[in-house]
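Chemist: Below is the sequence, then the predicted model.
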Amino acid sequence: MKSLPILLALCCLIFAGCQTVPKVAETQSAQTPEVDEEPLGGNFLIKYVNPLRGGEESTELRFNEASEGFSGAFISPRGETPLKNVVLESDGSVTANFTIRDYYFDLNALIDGDNISGEFRGPRDISFSGSRLK
């Protein structure tokens, strides 16, 4: 009979502990601020050296985020060329491909905040870098 009060007290402690753990977890999660993620999509002004002309040129890369996936375009003075197979990863890496005047290019880039750098791989490899247009 002496063990019944001890067992009852032990059960009360366990029950009280079960009620305390969720309350502590709720308090801690309420104190954790949510981090706003920067969108990976956007328009970027990039610069590169044109291998045919030898001079520096600027053009625009656009990446769109949508619920059904990603899209984009290579926008130059000659017009807009859609990007195909666009993949934007959460680490900022981007892959896509496009064709300009029967020349096929693979795009590999890294978006780091408002900056982008990468390479067009095709008949000639072209490195580029740029920044987000605001």
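Modeler: Perfect, thanks for sending it. Numbering: from 1, shown residues only.

Chemist: Next one: residue 87 from residue 43, what distance?
Modeler: 18 Å (CB to CB, to the nearest Å). Just so you know, the C-beta spots here come from the backbone N, C-alpha and C atoms, and that holds for glycine as well.

Chemist: Between those two, tell me which one has more neighbours.
Modeler: Legend: neighbour count by other CB atoms under 10 Å for residue 87 and residue 43, higher for residue 43 (16 against 10).

Chemist: residue contacts, that one?
Modeler: Going by CB atoms under 8 Å, 6 or more residues apart in numbering, residue 43 touches 60-62, 132-133.

Chemist: Give me the buried subset of those residues.
Modeler: 61-62, 132 (16 or more other CB atoms under 10 Å).

Chemist: need the residues you listed in a markdown table with secondary structure, can you?
Modeler: Shown next, in a markdown table, are those (DSSP: H, G, I helix; E, B strand; the rest coil):
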| residue | secondary structure |
| --- | --- |
| 61 | strand |
| 62 | strand |
| 132 | strand |
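
Chemist: Pick out whichever of those sits closest to residue 97.
Modeler: Closest approach to residue 97 among those (CB to CB): residue 61, at 13.0 Å.

Chemist: Would you agree that closest one is in contact with residue 72?
Modeler: Yes: between residue 61 and residue 72 there is a contact at 6.7 Å, judged by CB atoms under 8 Å.

Chemist: so which of the contacts of residue 43 comes closest to residue 117?
Modeler: For the contacts of residue 43, the nearest to residue 117 is residue 61 (11.4 Å; CB to CB).

Chemist: what about the residue lying closest to that closest one once chain neighbours are set aside, helix or strand, and which?
Modeler: Excluding the flanking residues, the one nearest residue 61 by CB to CB, 6 or more residues apart in numbering is residue 44, at 4.7 Å. Assigned by DSSP states H and E, residue 44 belongs to strand 42-49.

Chemist: just residue 98 next, same as before
Modeler: Counting by DSSP H and E, residue 98 is part of strand 93-100.

Chemist: could you check the angle strand 93-100 makes with the next helix or strand after that strand?
Modeler: Next helix or strand after strand 93-100 toward the C-terminus (DSSP H and E): strand 103-112. For strand 103-112 against strand 93-100, the angle by axes from the mean of the first three to the mean of the last three CA atoms, to 10 degrees is 150 degrees.
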